[in-house]
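A.B. asks: Build me a structure from this.
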Amino acid sequence: MLESATELARRIRDRETTSTEVVEAHLRRIKELNGSLNAVVLLLESQALAEASTLDSEAAAGHFRGPLHGVPMTVKEQFWLKGQPTTLNSKMFKNWVAPDDSLCVTRLRAAGAVIMGKTNVPANLVDYQVQGQLFPEGKNPYNLNCTPGGSSGGAAVALATGMSALELGGDFGGSIRVPANFTGVYGLKTTENTIPTHGMGPIPKGLRGYISNMAVAGPMARTAEDLETAWHVLRGSHQNERTVARIEWHDAGRRSLADFRVAWVNQWPEYPTGRQVQSVIEDFVHALEEHGLRAVNAAPGSDLHRRSLALYARLFPQVITQGVPRPIRPLMRTQIRRTLMNEMAEFQDEYRQGFKTGFTNYAETMTVRSALIGEWERYFEDHDLLICPMSYGPAFKRCKIGTPLPGDTDSMPYINYTWPFVACFNATGHPAINIPLGLGDDGLPVGVQVVGPYWSEPDLLGFAKLVAQFTPGFAPPPERNGRLL
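C.D. replies: Numbering: from 1, shown residues only. Below you'll find the model as predicted:
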């Protein structure tokens, strides 16, 4: 089932098929493939079929809830589904049950989507692989020995293999974009505070309040049109979450490539990329230039990229340690430093600073953040969009977290393969999209990251739809007789 969500909704609306038939086909697909991939960890078969039947009755009466009427999808495990566990693949939360649907799920249901279940994540959402304490390890359908990326890894796999027509992901440090890149689908990290985050994870016992800096919800899809449809459904303020303001989104209109002023880089000064990524980006830019794109190789100055990573290293602990008892905090700091933060000596001072308690420390971090956002926004005054790498290379081999990873000529710290290319834009809150570009030399998906100023989602989505005419886009994983090769 690799038809787009948009096409499935049209076929249901035009009475060419029913939601029940489409849901049944996706459920069969899950049963055929999930055993070897471990993408779906909660399957709500009877509930999904009952909802599809209800939607079919509504369609027969001429009533359609919205643009996703009857379309089956899954959501990342971190999102609340009323009465269902939200565990983060962690023993700590194995018995935590959601009291309600998350606001994002509520909006998707209101638009007519049928929620079939939940998809796999790494323990506590903290890794670029899908390894945890409760669910089997997630695998990449293009090469079962490789990671699908994290933390929305199961979501990306369900999409790429046709188990789900659409996905809801979350991004705290590349968690939508990296899996989308490693499995060849589209993923949108939205501008911070434009989609409600209520219901994006279990609430630790006794926690009365919570800040959600850097963490956003966003759609994942096989086509740019589906991504845009889902974004329209998810975005906007809610009466119960006033951190999301009303934004007068501009209309990107029917712009041509010549209407965009685009900057590009194929690596960052401190973080080189592999030869394949460099050539993919250069070939992508040059191909679009032949169709009118105005592009210039122009990285932001003043060490802005590196300083944004330093901000992430400081803010990350302040977010994840909320509600953690004081005696446990040093243990968390040591554990993360020995795995994800291993060998990142340049940011150890900021990392330690982030573990300090107190409002003043947090306020100082927010002041630094505000200044960096302003610098990026001034950069985008001269460039509508920035094309840049999503990772050092394609999906890497599954391994123990923290293991050095191979490069073209030498190994590199585990986290340097992905984190430096994506976390910088979580630190500043800017929107970014993964655009898939087919398969690389080794049969693994390749793609590019495109970033824009605050609230530029219409431009990012419009750009993605335009370039889809000239690029390979999504390429399904090879299979034979319902089995992945």
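A.B. asks: all helices of the stretch 101-250 of the chain, in order?
C.D. replies: Assigned by DSSP state H, counting those that start in this stretch, the stretch 101-250 of the chain shows helices spanning 103-110, 153-160, 177-183, 224-234.
A.B. asks: Pull the distance from the second one to the chain's centre.
C.D. replies: Per Cα atoms, centre = their mean, to the nearest Å, the displacement of helix 153-160 from the mean C-alpha position of its chain is 10 Å.
A.B. asks: sorry, back to before: turn the helices of the stretch 101-250 of the chain into JSON lines, columns for distance to Asn361.
C.D. replies: No exception for glycine: its C-beta is placed from N, CA and C like everyone else's. JSON lines is the format used below for these (distance: least, Cβ to Cβ, whole Å):
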{"stretch": "helix 103-110", "distance to Asn361": "30"}
{"stretch": "helix 153-160", "distance to Asn361": "33"}
{"stretch": "helix 177-183", "distance to Asn361": "29"}
{"stretch": "helix 224-234", "distance to Asn361": "33"}
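A.B. asks: Nearest to Val467 among the ones you listed would be which one?
C.D. replies: Judged by Cβ to Cβ, the one of the helices of the stretch 101-250 of the chain that comes nearest to Val467 is helix 224-234, at 8.5 Å.
A.B. asks: Show me what that closest one packs onto, helices and strands only.
C.D. replies: helix 5-13, helix 103-110, strand 186-189, strand 216-221, helix 457-467 (3 or more Cβ pairs under 8 Å, 6 or more residues apart in numbering; DSSP states H and E).
A.B. asks: Now do the buried residues in the biggest helix by length in the chain.
C.D. replies: Looking across the chain with DSSP state H, the single longest helix is helix 359-379. Neighbour counts over helix 359-379 (16 or more other Cβ atoms under 10 Å) mark 362, 365, 368-369, 372-373, 376, 379 as buried.
A.B. asks: now do stretch 201-221
C.D. replies: Residues of stretch 201-221 classed as buried: 201-203, 212-221 (neighbour count, 16+ other Cβ under 10 Å).
A.B. asks: Next, work out how far apart the residue lying farthest from the centre of the chain and Asn213 are.
C.D. replies: Using Cα atoms, centre = their mean, the residue of the chain lying farthest from its centre is Ala61. It sits 36.6 Å away. Distance, Ala61 to Asn213, by Cβ to Cβ, to the nearest Å: 45 Å.
A.B. asks: can you check Phe284 too?
C.D. replies: Taking Cβ to Cβ, one finds Phe284 at 32 Å from Asn213.
A.B. asks: which regions of this protein sit below the pLDDT cut-off?
C.D. replies: 253-254, 323-325, 327-329, 333, 335, 337-343, 345, 480-485 (pLDDT under 70).
A.B. asks: Pick out the residue nearest the middle of it.
C.D. replies: Mean-position check on the chain, Cα atoms, centre = their mean. Result Ile176 at 1.0 Å.
A.B. asks: so that residue makes contact with Thr183?
C.D. replies: No - with contact defined as Cβ atoms under 8 Å, Ile176 does not count as touching Thr183 (11.5 Å).
A.B. asks: Same question for stretch 99-108: list its buried residues.
C.D. replies: So stretch 99-108, judged by 16+ other Cβ under 10 Å, has buried residues 101-108.
A.B. asks: mind giving me a markdown table with those residues and columns for distance to Val319?
C.D. replies: As requested, these are exported to a markdown table (distance: Cβ to Cβ, whole Å):
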| residue | distance to Val319 |
| --- | --- |
| Asp101 | 23 |
| Ser102 | 18 |
| Leu103 | 19 |
| Cys104 | 19 |
| Val105 | 22 |
| Thr106 | 24 |
| Arg107 | 24 |
| Leu108 | 25 |
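A.B. asks: wait, which of these is closest to Ile387?
C.D. replies: When the buried residues of stretch 99-108 are ranked by distance to Ile387 (Cβ to Cβ), Cys104 comes first, at 28.1 Å.
A.B. asks: list the contacts for that closest one?
C.D. replies: By Cβ atoms under 8 Å, 6 or more residues apart in numbering, the contact list for Cys104 reads 75, 79, 168, 195-196, 199-200, 217, 234.
A.B. asks: Not counting its neighbours along the chain, what's nearest Trp231?
C.D. replies: Pro219 (5.6 Å; Cβ to Cβ, 6 or more residues apart in numbering).
A.B. asks: still on that earlier bit, quick one: which two of the buried residues of stretch 201-221 are the most distant?
C.D. replies: Among the buried residues of stretch 201-221, Ile203 and Ala221 lie farthest apart (Cβ to Cβ), at 29.1 Å.
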